[in-house]
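Engineer: Starting from these lines, generate the structure:
(6 chains)
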6 protein chains.
Amino acid sequence: MSTTEELINASETRIFKAIFPNTTNHYNTLFGGTALHMMDEASFICATRFSRKKVVTISTDKIDFERPIPEGSIVELIAGISKVGTTSCTVKVDIFMENMYSYKRELTVTGFFKFVAINDEMKPIPILD
Amino acid sequence: MSTTEELINASETRIFKAIFPNTTNHYNTLFGGTALHMMDEASFICATRFSRKKVVTISTDKIDFERPIPEGSIVELIAGISKVGTTSCTVKVDIFMENMYSYKRELTVTGFFKFVAINDEMKPIPILD
Amino acid sequence: MSTTEELINASETRIFKAIFPNTTNHYNTLFGGTALHMMDEASFICATRFSRKKVVTISTDKIDFERPIPEGSIVELIAGISKVGTTSCTVKVDIFMENMYSYKRELTVTGFFKFVAINDEMKPIPILD
Amino acid sequence: MSTTEELINASETRIFKAIFPNTTNHYNTLFGGTALHMMDEASFICATRFSRKKVVTISTDKIDFERPIPEGSIVELIAGISKVGTTSCTVKVDIFMENMYSYKRELTVTGFFKFVAINDEMKPIPILD
Amino acid sequence: MSTTEELINASETRIFKAIFPNTTNHYNTLFGGTALHMMDEASFICATRFSRKKVVTISTDKIDFERPIPEGSIVELIAGISKVGTTSCTVKVDIFMENMYSYKRELTVTGFFKFVAINDEMKPIPILD
Amino acid sequence: MSTTEELINASETRIFKAIFPNTTNHYNTLFGGTALHMMDEASFICATRFSRKKVVTISTDKIDFERPIPEGSIVELIAGISKVGTTSCTVKVDIFMENMYSYKRELTVTGFFKFVAINDEMKPIPILD
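Structural biologist: So this is what the prediction gives:
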C-alpha cells in the first residue's frame, strides 16, 4: 500500500517534444493552442497515474505565455501533482525549452490543470481509495 | 476608416465543428486539450481580423469545463473582442454544444484569451493604428 | 414546430480557418484536397443541423477552383441549404478568403454537396418529418 | 524522348489505404471529405508525374458516392490521365473497396480532377514541352 | 481456390505519396519515423490482402536509410510477400523516390516486416487455410 | 566542459503518451507503425540533445514487438545513448506499458536507432567536438 506522497512521486510525468513545422504557425513559433493541448495531455497522464481512475479536466488556472517557442526547439513538459482534494487533484505543468544546438535551457510556461475522478455514470468519486 | 466598435463587430468569428472519434479520448468525450486548442484557434483568428496585425497568445484566464462534450455532438465556437488595450486585446470565446439529432443547444465553456500585436522583431506594437 | 424556411435559416453554418503550413502543399497554397475536405465538413454539419438526422454525402457537383489560397490567409466557409428533396437536401458552400493584414475579402470557390438522410440500416428516410 | 501515350502509361498512380478509426465519421464509415481528399492527392501525383511540372487543381466534375466505405475496409485508388489539353490535363480516379477478410472487391466511386500547369508566377504554361 | 503463388501476386501493394511540409523535419527532409510508419502501413495492407486474416506486426529487420528524401519528392512504396511461414509471413517493402520535375527515380530504403495471423483472443492461427 | 559520460546522462529522454483511439488500428491496439514513429522521435531527440548537432536516422536494428499495446494504456518511452562512434551514435529506446487503472507496468518493446551528425551540405561530421 502506497502513501499519498509515494503516489505523487511515482506519478511525475515527463514528455519531450521536438518542434517541427507541423506544429507551428506561420511566424514559425509554436501555436499557443498546441502548447495548451500538450499541457493538458501531460497533466491528464499525471492525474491518471496518480489516481488510477478515470479523470476529466474541470478547469485550468490563468496561464502566461512569457516567450515564443521557435520551430527547431526541443521542449520538455514536466507534470506533477500539486494539490489533492476529495474527488479532485491539481497538476502543475512546466514547459522547459532547449535550443537544439546549444546547452541553453529555460522555463517558458507554467500551468495548473484541475481534474476530477469520475465513475462510468460521470459522477465524482474519491480521487484515492 | 472604421471605428473600434465597427472593427469589433466585423471581427466576430464563428467555427462549427463535428465531434468525431479522432478528437475524443477513450471515454468518448472531447479531450480537454482539444477544446483548448480550438478555443485558441478561434480567438487567434478573431484577434487577427480585429487588428490586421501579427498577434501571439500571451495569457489565458481561468477556464471551467462544466460538462463533457460527447462524441457525435456539434459544437459552435463564437469568439469576440471583449477588451482593447494599447498593444493587446482580449477575446472572449464561448463553446456551444448541440445534440446532432435534437434542437437542444447549451453553452458549455467560456474562456478569455489575451493577444499582443508584434512586429517582425517580436516587439509589441499598437494593436490598432 | 418550425417551418422549412425557419430550419434553413437556423442551419446556416460558418467555419473560419487560418491557413497554416500544415495544410498547404509545397507551393505554399492550400492543397485542393484540403479545401474539398473542409467544404464537405461544413456542408455535412449544415445538413445535419437542418434535418437532425443521420446524413451521408451522395454527390458533389462540378467545382471550380478559381484562384489559389496562399498560406497566411484566413478563410470563411459559409454553408446553407439550397434545395430540399424528399429524402435528400443540397447544401451550397462558399469559401471566402481574407488577407490577414488588410481588409480585402473575396469569394474564391463555390460547391454544391448533396446529402441523403438514412436510418441505422443505411436506408433512405424522409429528410424532414 | 517519350510519346504522350508512354507518359500516360508511366504516370498511372496507385494508392492503397486501410480505413482505420481516425478517418471515419461516427457511423463508422469513411467521411466523404476524406475520400475527396484522397482522390485529389492521387490525381495530383498522377498529373505531376505526367507533366513533371507544377500543377494545381482547377476543377472537379460531378462525383457520385454510390455506397458507404465501412471502417476495416481496404481501398485502392487508381489515377490515370484521361484527357490532355494545352495547359491542362484531366485525371480519372477510381476508388476500389476490398473487404479485409474476403476476396470481394468492387468499384465504389469515380471522379475527374482537372489540373493546370503553372510557372512560379502562377501563370499557365504548356502541360508538356 | 488460389495457390500461394497466385495469392502472393495478387497481394502486391503500391502506395504513392507526395512529401509535403507536414511530413518533414526542420531540415526539410522526410522524418525517419514517418518513413517507418508508411512502411509498416504498406506491409500491413499487403499481409492482410495475402492472408485475409487479422495480422499484427511482430518484428522488423535491420533497416538502412541510405539517403534523405527531400520535401517536394514523390515516393512509391512497393510491398510484397517475401516469405511464408505457418502462422506468419514476411513482407519486403521498398521505397522508391522520384523527383517531381524530372524522370529521375531511385530505390532509397528497403525493409522486411514480419506479421503473425491472430484470432479474436490474440492467439496465432494458420496464415493460410 | 562536459565528459561523454555526463552528456550521456544529461541526454536521457522520456516521453509519456496516452493511447487514444486516433493512434490505434481497428483491433483497438497500437498500430505498429505508430510505435516505430514514436521510437524514432524519442531517439532523435536523445541524439540531438547528446550531440547538439543536426542528426539523421541512418539505420534501425531488428525490433521485436512482443505484445500488443491496447487502447486505454499509457506508455513511457525511455531513450538513452548506448554507443558513441566518430560521426554517429546509437540510441536504445524502450517502451514501457502501464495499465491506466492499476499499478501494472512492463517492458514491451526495445529498439536501437543509429544517427549520424551532418553539416548543412548533408556530409558527416564528428558527433562530438
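Engineer: where along chain A do the helices fall?
Structural biologist: Using DSSP state H, the helices found in chain A span residues A:4-10, A:32-51.
Engineer: low-confidence ranges in chain A?
Structural biologist: A:1, A:21-26 (pLDDT under 70).
Engineer: Single out the most deeply packed of the helices of chain A.
Structural biologist: Taking mean count of other C-beta atoms under 10 Å in any protein chain shown as the contact definition, the stretch among the helices of chain A with the greatest mean neighbour count is helix A:32-51, which reaches a mean of 25. C-betas here are computed from N, CA, C, even on glycine.
Engineer: Kindly report the residues of chain A close to chain F.
Structural biologist: Residues of chain A lying close to chain F (C-beta under 8 Å from any C-beta of the partner chain) are A:13-18, A:41-42, A:44-45, A:48-49, A:52-54, A:74, A:98, A:100-103.
Engineer: Hmm, residue A:18 is touching residue A:74, no?
Structural biologist: Yes - applying C-beta atoms under 8 Å, one finds residue A:18 in contact with residue A:74, separated by 5.5 Å.
Engineer: list the residues that contact both of these two?
Structural biologist: In terms of C-beta atoms under 8 Å, 6 or more residues apart in numbering or on different chains, residue A:18 and residue A:74 are both contacted by the residues A:100, F:45, F:48.
Engineer: and chain B, which of the residues of chain A next to chain F reach it?
Structural biologist: Judged by C-beta under 8 Å from any C-beta, the overlap between these and the neighbourhood of chain B comprises A:41, A:44, A:54.
Engineer: Let me see the contact set for the second one.
Structural biologist: In this structure, residue A:44 makes contact with A:55, A:57, A:113, A:115, B:31-33, F:18, judged by C-beta under 8 Å, 6+ apart.
Engineer: again, only using 10 Å
Structural biologist: Contact criterion C-beta atoms under 10 Å, 6 or more residues apart in numbering or on different chains gives A:13, A:55-57, A:79, A:91, A:93, A:113, A:115, B:25, B:31-33, F:18, F:74 as the residues in contact with residue A:44.
Engineer: Narrow these to just the buried residues.
Structural biologist: Those of those that meet the buried threshold are A:13, A:55-57, A:79, A:91, A:93, A:113, A:115, B:25, B:31-33, F:18, F:74, by 16 or more other C-beta atoms under 10 Å in any protein chain shown.
Engineer: with those in mind, which one is nearest to chain E?
Structural biologist: Taking C-beta to the nearest C-beta as the measure, residue F:18 is the one of the buried ones among the contacts of residue A:44 closest to chain E, at 18.6 Å.
Engineer: OK, contacts around that closest one?
Structural biologist: With C-beta under 10 Å, 6+ apart, residue F:18 has these contacts: A:41-42, A:44-45, A:48-49, B:25-26, B:31, F:71-75, F:100.
Engineer: I'd guessed residue A:50 sits against residue A:83; true?
Structural biologist: No - no contact is recorded between residue A:50 and residue A:83 when judged using C-beta atoms under 10 Å, the distance being 11.3 Å.
Engineer: Can you pull the residues that touch both of these two?
Structural biologist: Taking C-beta under 10 Å, 6+ apart as the contact criterion, the residues that touch both residue A:50 and residue A:83 are A:89, A:91.
Engineer: which stretches of chain A form strands?
Structural biologist: Along chain A, counting by DSSP state E, strands occupy A:13-18, A:55-60, A:63-64, A:73-84, A:88-99, A:105-117.
Engineer: now residue A:15: how far from residue A:42?
Structural biologist: To residue A:42, residue A:15 is 5 Å away according to C-beta to C-beta, to the nearest Å.
Engineer: quick one: common contacting residues for these two?
Structural biologist: Between them, residue A:15 and residue A:42 share these contacting residues under C-beta under 10 Å, 6+ apart: A:76-79, A:93, A:95, F:16.
Engineer: Residue B:125: which of those residues is nearest?
Structural biologist: residue A:95 (25.9 Å; C-beta to C-beta).
Engineer: Dump the shared contacts of residue A:15 and residue A:42 to TSV, plus distance to chain E.
Structural biologist: As requested, the shared contacts of residue A:15 and residue A:42 are arranged in TSV below (distance: C-beta to the nearest C-beta, whole Å):
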residue	distance to chain E
A:76	18
A:77	19
A:78	23
A:79	24
A:93	25
A:95	19
F:16	17
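Engineer: got a winner among these for most neighbours?
Structural biologist: Neighbour tally across the shared contacts of residue A:15 and residue A:42 (other C-beta atoms under 10 Å in any protein chain shown): the maximum, 28 neighbours, falls on residue A:79.
Engineer: and it, what is it in contact with?
Structural biologist: Taking C-beta under 10 Å, 6+ apart as the contact definition, residue A:79 lies against A:11-15, A:39-47, A:49-50, A:91-94, A:111, A:113, F:16.
Engineer: And residue A:97, by the same measure?
Structural biologist: Shown here is residue A:97, whose contacts under the criterion C-beta under 10 Å, 6+ apart are A:19, A:30, A:67-70, A:73-76, A:104-109.
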